[in-house]
Each structure stands twice: as structure tokens, then as C-alpha cells.
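next one to model:
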Amino acid sequence: MSELAKFTIGQLVQHRLFAYRGVIYEVDPVFMLSEQWYQQMATSCPPKEEPWYHVLVDNAIHSTYVAEQNLLIDPDVEPIKHPGVEQIFERFEDGIYYLHQRALQ
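So this is what the prediction gives:
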């Protein structure tokens, strides 16, 4: 069973090893991609049983999939620059992004 996630959707984070900034837009309770992806991309072999995060990368057009152990809270509270931000989030306040609210039907 997985532990509770330390980070939340809309939170600004920094990658512990590569130092890039980003914003979390989705959280998986455990690793959810393929074994092939893990072998090729997760070179530090982070635990699969802990939360993994989908992150829009600042000043880039791509997103990343990051293990919890590789993330830190970003001390910078400035918004990030990524083309996906406006599609996923409706606003940025006090260092936090807020998801678009879907209309209830």
C-alpha cells in the first residue's frame, strides 16, 4: 500500500537532482508507467511503491514523471512558464496553481 503524497496538484516543486522548477498537475499513488520506461528513465531507481508526479517543466514545452524522493518544495513563488499551464490551471495565487473547475452536470 502506498503512503500519502507529500506534494499536491498545483504545488511548485524543484527536482532534487536536475534543479529544474515545475508545477504538479497529476499525482499517481504508485509508479504507473511501463517497466521499459522505468529501466530507461529512472536511472536512480526510485521506489515504485511511493507516489509519482506529473510535472510541467518551467521554461520548457515538455512535462516529466518524477518520483517523490526526487522532488523538493520550490522556494521560488513566481509562476512558471509552460504552454500547458493555461489549459490545466485557471489561476495562480500566493505561489499555488488552481485547477480549472469543471462544471457539474
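
can you tell me how far D74 is from K48?
For D74, the distance to K48 equals 25 Å [Cβ to Cβ, to the nearest Å]. In this view, the C-beta of every residue, glycine as well, is placed from N, C-alpha and C.

ok, the two, which is more surrounded?
Of the pair D74 and K48, D74 is the one with more neighbours under other Cβ atoms under 10 Å, namely 19 against 15.

got a list of what that one touches?
By Cβ atoms under 8 Å, 6 or more residues apart in numbering, the residues touching D74 are 12-14, 21-22.

ok, so of the residues you listed, who is nearest K81?
Nearest to K81 among the contacts of D74, counting by Cβ to Cβ, is R21 at 9.7 Å.

identify the residues contacting the residue lying closest to the closest one once chain neighbours are set aside.
Counting by Cβ to Cβ, 6 or more residues apart in numbering, the nearest residue to R21 once its immediate chain neighbours are dropped is D58, at 4.1 Å. D58 makes contacts with 20-23, 80-82, as judged by Cβ under 8 Å, 6+ apart.

list the buried residues for the longest strand seen in the chain?
The strand spanning the most residues in the chain, taking DSSP state E as the definition, is strand 21-28. For strand 21-28, burial by neighbour count (16 or more other Cβ atoms under 10 Å) applies to 21-25, 27.

who are the packing partners of that strand?
Taking 3 or more Cβ pairs under 8 Å, 6 or more residues apart in numbering; DSSP states H and E as the contact definition, the neighbouring helices and strands of strand 21-28 are strand 12-15, strand 52-57, strand 63-67.

between those, which gets nearest to L4?
L4 lies closest, by Cβ to Cβ, to one member of the helices and strands packed on strand 21-28: strand 52-57, at 13.3 Å.

can you tell me what sits against that closest one?
5, 7, 13, 15, 20-28, 30-32, 63-68, 71, 80, 82, 84-85, 88.

put the buried members of these into a PyMOL selection.
Selecting just the buried residues from these in PyMOL takes one command, with 16+ other Cβ under 10 Å as the test:
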select buried, resi 5+7+13+15+20+21+22+23+24+25+27+31+63+64+65+66+67+68+71+80+82+84+85+88
